[in-house]
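>>> Make a model of this:
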Amino acid sequence: MISVPYDLSEDPSSKIIRLSRRKVIKKTLRANVILLFVVVVAVLTYLLYPTLMRETLRPIVEIEDIVLLFIVIAVVLVSLVINILYHYLYYKTYYYNIKDDVLVIRKGIFIPDEISIPYNRIQDIYVDRDTLDLLLGLYDVHVSSATVQSGKDAHIDGVKYGSATKLKEMILEKVKKASVSKDIGL
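So this is what the prediction gives:
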């Protein structure tokens with residue numbers, strides 16, 4: 001079991017509205033397309049210019065073509081497995097919480113980024129999706145404030161439409177309460 005930095009059992013927003021597992025597919029698909037592109041370029045280079053690869057590798061090691069093929073396949077498979085594991089761990093440690101006074105979003109495995117945005121600083125909340133989101137039925141909820149970091153980190157990505165709408169409404173409610181409290185002078 002992956003340990004998370006917060007107690008999710010006492011965290012209503014992370015417990016009620018979870019990220020979709022399709023998020024893992026989206027993240028791995030994007031990286032695997034790049035990996036596939038590199039492999040296709042390498043294979044085409046080998047097929048069109050076979051001596052180029054042999055001459056490049058000859059100073060390092062004398063290698064047979066079939067061994068080179070197995071090495072390439074092994075590297076690709078290991079890269080795919082590492083990519084899937086990384087994004088699964090990323091998904092499992094992704095955290096957000098709609099607290100009474102701030103919105104907290106934490107993501108990342110090795111060097112996690114955490115952003116806490118007070119509701120009275122939020123300027124805009126919107127739901128959008130990119131092409132992969134469209135294919136997988138996912139949405140992203142973006143929250144913006146006047147900071148540079150909010151543009152980069154302040155979004156909850158990989159939720160279904162109903163969850164995205166509910167998150168937006170929950171955050172908007174907190175923003176409205178914060179603005180009323182500010183106007184009253186609390």
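
>>> Can you report how many residues neighbour the closest residue to Ser144 other than its chain neighbours?
Spatially, and ignoring its direct neighbours in sequence, Ser144 is nearest to Asp124 (4.5 Å; C-beta to C-beta, 6 or more residues apart in numbering). Every C-beta, even on glycine, is put in place using the N, C-alpha and C of the backbone. For Asp124, the count of nearby residues is 10 (other C-beta atoms under 10 Å).

>>> where's Asp124 relative to Leu69, distance?
52 Å (C-beta to C-beta, to the nearest Å).

>>> now swap in Lys168 and tell me
Taken as C-beta to C-beta, the span from Lys168 to Leu69 is 50 Å.

>>> Which one's more surrounded, those two?
Lys168 (18 against 12).

>>> and stretch 119-136, which residues are buried?
119, 121-122, 125, 127, 129, 133, 136 (16 or more other C-beta atoms under 10 Å).

>>> what two of the residues you listed are the furthest from one another?
Greatest spacing in the buried residues of stretch 119-136, by C-beta to C-beta: Arg121 and Leu136 (31.3 Å).

>>> before we move on, the earlier item: list the contacts of the residue nearest to Ser144.
142-144 (C-beta atoms under 8 Å, 6 or more residues apart in numbering).
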